[in-house]
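Trainee: Turn this into a structure:
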Amino acid sequence: MRILIVEDEPVTARYIKNLLEEIYHNKRYSISMQSNLLSSECFLLENQIDLLILDLNLNGENGFELLEQAVASSFHTIVVSGNIDKALLAFEYGVLDFIPKPFDVDRLQMALDLLVN
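Mentor: The predicted structure is shown next:
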């Protein structure tokens, strides 16, 4: 499993990374982190991923722009955001799940379980 976390808050990015490490502790995985749209777009051009974990507000930039750029890519997306008013729009982009902030390991696990089903 190749995972990209796109989150502009370093504390939140590390929290998500730690939860993923807890969940995938006995499986093969790699986790990369990016904090803005430009670096995320460049990363996606150069790397294949299986899962994108995306915040929608990236220092004032709109996370949906990343989904628009990567429309033909073959990875799943889980949105993690405090902007719950954007949840319906996120599903229109074909995201796997929308996790409102704050969240815990159980809620993240529920979203990741959708990858198998």
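Trainee: What mean pLDDT does stretch 77-92 get?
Mentor: Across stretch 77-92, the average pLDDT comes to 95.
Trainee: For N36, give its distance to K86.
Mentor: Between N36 and K86 the distance, using CB to CB, to the nearest Å, works out to 18 Å. Bear in mind the C-beta positions are built from the backbone N, C-alpha and C, glycine included.
Trainee: So for those two, which sits in the more crowded spot?
Mentor: Here N36 and K86 are set side by side on neighbour count (other CB atoms under 10 Å), and the busier one is K86, at 18 against 15.
Trainee: so the more buried one sits right up against L56, yeah?
Mentor: Yes. The pair K86 / L56 is scored as a contact, 5.6 Å apart, by CB atoms under 8 Å.
Trainee: how near is the residue lying farthest from the centre of the chain to L89?
Mentor: Ranking residues of the chain by C-alpha distance from their mean position (CA atoms, centre = their mean) puts N26 at the top, at 20.8 Å. The spacing between N26 and L89, counted by CB to CB, is 36 Å.
Trainee: Run through the helices of this protein in chain order.
Mentor: Read by DSSP state H, the chain holds these helices, from start to end of the chain: 10-23, 37-46, 64-69, 87-92, 105-113.
Trainee: who's in contact with L52?
Mentor: When contacts are counted by CB atoms under 8 Å, 6 or more residues apart in numbering, L52 is found next to 3-4, 6, 66, 70, 75-78.
Trainee: what about 6 Å?
Mentor: Contact analysis of L52 by CB atoms under 6 Å, 6 or more residues apart in numbering lists 4, 75, 77.
Trainee: L66 now?
Mentor: Residues in contact with L66 (CB under 6 Å, 6+ apart) are 37, 40.
Trainee: Okay, it and L38: tell me how far apart.
Mentor: Taking CB to CB as the criterion, L66 is separated from L38 by 10 Å.
Trainee: Quick one: find the helix or strand in the chain with the lowest mean pLDDT.
Mentor: Per-element confidence for the chain was summarised using mean pLDDT, DSSP states H and E. The lowest value among helices and strands belongs to helix 64-69, with a mean of 89.
Trainee: Noted, bye for now.
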